[in-house]
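Chemist: Sequence isn't available, so here's the structure alone:
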């Protein structure tokens, strides 16, 4: 067995509990934060979880000592994102929860996650989705890598790990509009993956039953050494000053063809400055 694989890979996958995109989003409360009722595991994070599972499976899986840990931060209900990750195949989970986290922007979120990851100990690889489906900023992966002083690869469309002596080398392909580039990094590293990297698996009955026996560690800000004013609204660089419901759509214009529908359609489009 190679020295790099003897100790086993530790991969952290960051997952988020986000409002279901099938329903309208709402902002509420005096702090104008997102209402998180009817939330689910972020679809984009499932690609990161699948990437982690494929990497460990390619190198012997849990039997070779490799572990995938699903990590989330958020209110009590956010543990559902970790539970689903365990059903899909993650080995264990961590839930950072504290009322003071409410309202955290990307900066405060990355600060909390960095403190959490330092508290949990060394991971060989931290994987994230390309963005969260609620904020859609794509800022947290880069900020987190900076805070942890890790090399980062963003928007990876493929990943490969190669054992090299006492360590690992990560190879990633990033697809651009007109070309693709291959990037290499030594571990530990942080990588965000796109929704083109794989097809996430679904939980099966065996996975759902196995997840009931897997451990979820619950931690607070005090556990990871952060003060309440370092996160949440107090610790954020940005905040929402005002919000209003989206105005209802106005009734559309119906053009009845009386032989001149084409001309009337062109006139309408021109009037809307679409031509």
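Modeler: Nice, I can see it. Computed from a predicted structure; not experimentally measured.

Chemist: For the closest residue to residue 82 other than its chain neighbours, which phi and psi angles does the backbone take?
Modeler: Excluding the flanking residues, the one nearest residue 82 by C-beta to C-beta, 6 or more residues apart in numbering is residue 93, at 3.7 Å. Every C-beta, even on glycine, is put in place using the N, C-alpha and C of the backbone. Geometry field for residue 93 lists phi and psi as phi -140, psi 160, criterion degrees, to the nearest 10.

Chemist: what about residue 93, how many neighbours?
Modeler: The tally of other residues near residue 93 (other C-beta atoms under 10 Å) stands at 25.

Chemist: thought it was touching residue 214?
Modeler: Yes - between residue 93 and residue 214 a contact is recorded at 7.0 Å, counting by C-beta atoms under 8 Å.

Chemist: which residues do those two both contact?
Modeler: Counting by C-beta atoms under 8 Å, 6 or more residues apart in numbering, the residues touching both residue 93 and residue 214 are residue 86.

Chemist: neighbouring strands for the longest strand that the chain contains, and are they parallel or not?
Modeler: The single longest strand within the chain, with elements called by DSSP state E, is strand 167-175. Under the criterion DSSP bridges, strand 167-175 sits next to strand 158-164 (antiparallel), strand 180-186 (antiparallel) in its sheet.

Chemist: Give me the buried positions along it.
Modeler: Along strand 167-175, these residues count as buried under the neighbour rule (16 or more other C-beta atoms under 10 Å): 168-170, 172, 174.

Chemist: Could you do stretch 120-127 as well?
Modeler: By 16+ other C-beta under 10 Å, the buried positions in stretch 120-127 come out as 120, 123-127.

Chemist: ok, so of these, who is nearest residue 55?
Modeler: residue 125 (7.6 Å; C-beta to C-beta).

Chemist: Identify the residue nearest that closest one in space, chain neighbours excluded?
Modeler: Nearest residue to residue 125, sequence neighbours excluded (C-beta to C-beta, 6+ apart): residue 11, at 4.7 Å.

Chemist: Mind giving me the packing neighbours of the helix or strand encompassing that neighbour?
Modeler: With elements delineated by DSSP states H and E, residue 11 resides in strand 10-14, which encompasses its position. Counting contacts by 3 or more C-beta pairs under 8 Å, 6 or more residues apart in numbering; DSSP states H and E, the secondary-structure elements packed against strand 10-14 are helix 43-57, strand 67-73, helix 106-120, strand 125-129.

Chemist: Adding mean pLDDT and distance to residue 186, write these out as CSV.
Modeler: As requested, these are arranged in CSV below (pLDDT from 0 to 100; distance: least, C-beta to C-beta, whole Å):
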stretch, mean pLDDT, distance to residue 186
helix 43-57, 97, 15
strand 67-73, 97, 20
helix 106-120, 96, 18
strand 125-129, 97, 11
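
Chemist: Highest mean neighbour count out of those?
Modeler: strand 125-129 (a mean of 27; mean count of other C-beta atoms under 10 Å).

Chemist: Distance from the chain centre to that one, please.
Modeler: 8 Å (C-alpha atoms, centre = their mean, to the nearest Å).

Chemist: and it, what other elements does it pack with?
Modeler: When contacts are defined as 3+ C-beta pairs under 8 Å, 6+ apart, strand 125-129 packs onto strand 10-14, helix 43-57, helix 140-148, strand 189-193.

Chemist: Dump these into CSV; add distance to residue 247 as well.
Modeler: Conversion of the helices and strands packed on strand 125-129 to CSV gives the following (distance: least, C-beta to C-beta, whole Å):
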stretch, distance to residue 247
strand 10-14, 35
helix 43-57, 28
helix 140-148, 31
strand 189-193, 34
